[in-house]
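J.: here's a sequence, model it:
(chains A, B, C, D, E and F)
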Number of protein chains: 4
Amino acid sequence: MPKVGMEPVRRRALIDAAISTIGERGGLDVTMSQIAGRAGVSSALAHHYFGAKDDLLQATMRHLLAELASEAREALKTARTARDRVSAVIAVSFSASQFQPETVGAWLAFYVEAQKSPAMRRLLRVYARRLHSDLMSGLRHLLAAEDAIVAAEGIAALIDGLYIRRALKEDTPDTVSAVRLVEDYLETKLQSRGT
Amino acid sequence: MPKVGMEPVRRRALIDAAISTIGERGGLDVTMSQIAGRAGVSSALAHHYFGAKDDLLQATMRHLLAELASEAREALKTARTARDRVSAVIAVSFSASQFQPETVGAWLAFYVEAQKSPAMRRLLRVYARRLHSDLMSGLRHLLAAEDAIVAAEGIAALIDGLYIRRALKEDTPDTVSAVRLVEDYLETKLQSRGT
Amino acid sequence: MPKVGMEPVRRRALIDAAISTIGERGGLDVTMSQIAGRAGVSSALAHHYFGAKDDLLQATMRHLLAELASEAREALKTARTARDRVSAVIAVSFSASQFQPETVGAWLAFYVEAQKSPAMRRLLRVYARRLHSDLMSGLRHLLAAEDAIVAAEGIAALIDGLYIRRALKEDTPDTVSAVRLVEDYLETKLQSRGT
Amino acid sequence: MPKVGMEPVRRRALIDAAISTIGERGGLDVTMSQIAGRAGVSSALAHHYFGAKDDLLQATMRHLLAELASEAREALKTARTARDRVSAVIAVSFSASQFQPETVGAWLAFYVEAQKSPAMRRLLRVYARRLHSDLMSGLRHLLAAEDAIVAAEGIAALIDGLYIRRALKEDTPDTVSAVRLVEDYLETKLQSRGT
DNA sequence: AATGAATGAGCCTTCATTCAT
DNA sequence: AATGAATGAAGGCTCATTCAT
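T.: Below is the predicted model of the structure:
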């Protein structure tokens, strides 16, 4: 029952299907048929809208990044103090929508893919830079310049590390304890200010 | 002219070839032929010694873990104080042999694989537990029980996070700054002891 | 805003597009989308007007043949002598409209297709017969019956052969030298009449 | 029942299968499976020995050319006079092994392919040049320089033209009449020498 | 001990074709 | 009149795996 104006619907459905398929299977070695099937269409249609598999995957990654960026923007908007800004960024990284095992699995898979694919690497770098600058927008006012940078790097590394652990699905940190761990790191950094 | 006693030699060569191939290509989607070729043998021989591809991959991961464990044991042997023990564990994680891009790439690939393969996941869990207990063997004497656990988890997460960043190959932390970041974290934790 | 009476316009546009697409790509393995796209319409419309791809291709070939026949008819009309008739047929075969690389490429592609498709073969046979009878309409008066037939066959073969060489696009005979070669053949045949 | 030293056997079988499949189907749009199947092996094996489909097709064409060249060399060896040399070249072009419908169909298909594939075009050019020089090796002694060149081009075009007609499989010239036609052309050229 | 030979299964991708609008 | 939406079928190619030697 074909209708007109299906393109955006299908594109979105296919990207969503890609995320969950990748997350569930835990890797980018998913087939177009699996993705298309989960989206309820034929694999030919996926090619029709996205071209090659790589293009679909990149679009998926871009979607993931855009979603994260949008959430971050939203969260920063309501943050009143510099301290709040930092916590907001941390919170978003572990928000319900981002820290689901499925999404985390997809993230990790993309990280690995970035080792081979310059296009993916470029996308991830954008994310890394934005995360850094978002963190700095708060830390800058709380710590000396150099300390702020170290703290930002530490927080970023912690987030990535917790994502990895989360992806392994067992014995993994839940949202709350993940946030607590990073916040604790931040807190000690802030308190050692005067030392 | 077949020789006797080649088995251990071939197994080792194949595992080494697997590590470098995986590290170079940045993923587990390497072919048996690539690995075997790099080891200078036919792919049939790889099957002869390891059975299936998965078996070779698992053996490779086990080798990686064993090497890390051995280095850690060695380092801990010469550590005199509790404080030294913690630094030793950190140092080993970023030692020359472990923190090479190739090896790091392989590690990351295995992390991803662990999402699908229970066998791999089990292996990684062993590593995580040992890392934790190695860290605790020092931290236990430096911090209150709960704080020690948090610190151990933080350090572990930081290490993983820095590995990811390293794998992306550009703009990435070198050995020295990676160690410094983790040590800095540790240091602030220790100093905030009295707070 | 659909218009009425578009059918002949579209059919013609599609056939023209087919010729140039086939000629350009040098084979019948062109897609309906390519043809339709060049004609400025959707591929669905091509099916609407022609049914299947084969039908469009056959219509294209028929168009090519009809054009050739029409040119020949025109040329023969103005030929005064028997000798002129033969030269007229030769000239048409290498006329500007027929001997363009694009058209030649299409011709050759159809020749190959004719090996598989009886329908195409039938069409080509019609062309071959007409060429033969056109040639004979002049040669009959210039040579003995048997010699005339041989000459007609020779000329026909030469034309096809020169088409092939032209299709290869490099080092190929231009219009003038092609005509000269065939005319030379004809001339020697005529002069050896008395031998 | 795998044995060693099968490579040359398989390569040859696959090339033979390619020729007959192409000749029979009348085009290069044959599948690897068809070719491999006719050779009695899996399509995977065809890829194993030849790489891509294009490579197999090029090898096939090269084989065809080599065979022709070899036959020509042989025939020229026994030719005593200049006149004999020319006839020998003509004879080879229509020899039993070359002028079979299957082989002729393959030739034609390759001609068409050459329009797209520079590699194929290069191969065909080599053939064209050799044919030309083989013809000239005789004609040079029988005609004035310019006339010899024209005759060589005429003969070559005739041969190609007769191949086309033969490929269409019906109403086509048999070996004998094809040779007669070309020889007749040659004869008239030689006799018009003094004119 | 080691390998060449061989294949089945699977994936990406293309394309003619159909259908509802 | 015209098209976007959608798919089934098919083909090229890769690869892990097996087997006889």
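J.: do the biggest helix by length in chain A and DNA strand F meet at all?
T.: Using DSSP state H, we find that the single longest helix of chain A is helix A:53-78. No: Helix A:53-78 is not in contact with DNA strand F by Cβ under 7 Å from any atom of the strand; minimum separation 11.7 Å. For glycine as for every other residue, the C-beta is placed from the backbone atoms N, C-alpha and C.
J.: name the residues that touch the least confident helix or strand in chain A by mean pLDDT?
T.: For chain A, counting by mean pLDDT, DSSP states H and E, helix A:101-113 ranks last in confidence among helices and strands (a mean of 89). Contact with helix A:101-113 is made by A:19-20, A:22-24, A:26-28, A:57, A:60-61, A:64, A:97-98, A:120, A:124, A:163-164, A:166-167, A:169, B:26-27, B:108-109, B:111-112, B:115, B:164, B:167-168, as judged by Cβ atoms under 8 Å, 6 or more residues apart in numbering or on different chains.
J.: quick one: that helix to helix B:101-114, angle?
T.: 150 degrees (axes from the mean of the first three to the mean of the last three Cα atoms, to 10 degrees).
J.: need the residues of chain A near DNA strand F, please.
T.: Chain A comes close to DNA strand F at residues A:2-7, A:10, A:41-45, A:48, as judged by Cβ under 7 Å from any atom of the strand.
J.: one more time with 6 Å, if that's ok
T.: Applying Cβ under 6 Å from any atom of the strand, we find that chain A lies next to DNA strand F at A:2, A:4-7, A:10, A:41-42, A:44-45, A:48.
J.: for residue A:80, what are phi and psi?
T.: phi -90, psi -50 (degrees, to the nearest 10).
J.: how close does it get to residue B:37?
T.: 61 Å (Cβ to Cβ, to the nearest Å).
J.: residue A:122 too?
T.: 31 Å.
J.: more neighbours: which of the two?
T.: residue B:37 (15 against 12; other Cβ atoms under 10 Å in any protein chain shown).
J.: for the helix or strand harbouring that one, buried residues please.
T.: If you go by DSSP states H and E, residue B:37 is part of helix B:32-39. Judged by neighbour count (16 or more other Cβ atoms under 10 Å in any protein chain shown), helix B:32-39 contains these buried residues: B:32, B:34-36, B:38-39.
J.: what pLDDT, on average, does it get?
T.: The average of the pLDDT scores along helix B:32-39 is 98.
J.: contact partners of the helix or strand just after it?
T.: Under the assignment DSSP H and E, the closest C-terminal helix or strand after helix B:32-39 is helix B:43-50. Identification of contacts with helix B:43-50 by Cβ under 8 Å, 6+ apart yields B:7, B:10-11, B:14, B:31-33, B:35-37, B:39, B:56, B:59.
J.: now do stretch A:52-66
T.: So stretch A:52-66 is contacted by A:11, A:14-15, A:18-19, A:22, A:28, A:32, A:35, A:46, A:50, A:103, A:106-107, A:110, A:113, A:117, A:119-120, A:123, A:126-127 (Cβ under 8 Å, 6+ apart).
J.: just the buried ones among these, please.
T.: For those, buried by 16+ other Cβ under 10 Å: A:11, A:14-15, A:18-19, A:22, A:28, A:32, A:35, A:46, A:50, A:103, A:106-107, A:110, A:113, A:117, A:120, A:123, A:127.
J.: in chain A, what residue lies closest to DNA strand F?
T.: Residue nearest to DNA strand F within chain A: residue A:44 (2.9 Å; Cβ to the nearest atom of the strand).
J.: please report how far that residue lies from residue C:52.
T.: Counting by Cβ to Cβ, the gap from residue A:44 to residue C:52 is 19 Å.
J.: and for residue A:152?
T.: Distance from residue A:152 to residue C:52, by Cβ to Cβ: 64 Å.
J.: what about those two, which has more around it?
T.: Ranked by neighbour count (other Cβ under 10 Å), residue A:152 and residue C:52 place residue A:152 first, with 23 against 11.
J.: which strand or helix spans that one?
T.: Going by DSSP H and E, residue A:152 is in helix A:145-167.
J.: for that helix, packing partners?
T.: Here helix A:145-167 touches helix A:82-93, helix A:101-113, helix A:118-139, helix A:175-191, helix B:101-114, helix B:145-167, helix B:175-191, going by 3 or more Cβ pairs under 8 Å, 6 or more residues apart in numbering or on different chains; DSSP states H and E.
J.: where in chain A is pLDDT low?
T.: A:1-3, A:169-172, A:193-195 (pLDDT under 70).
J.: try it again at 80.
T.: For chain A, the stretches flagged by pLDDT under 80 are A:1-3, A:168-173, A:192-195.
J.: coming back round to it: which one of the buried residues of helix B:32-39 is nearest DNA strand E?
T.: Nearest to DNA strand E among those is residue B:36, at 7.4 Å by Cβ to the nearest atom of the strand.
J.: the nearest residue to residue A:134 once chain neighbours are set aside and residue C:77, how far apart?
T.: Spatial nearest neighbour of residue A:134, excluding adjacent residues (Cβ to Cβ, 6 or more residues apart in numbering or on different chains): residue A:89 at 4.8 Å. Here the criterion is Cβ to Cβ. By it, residue A:89 lies 87 Å from residue C:77.
J.: cool, thanks, signing off.
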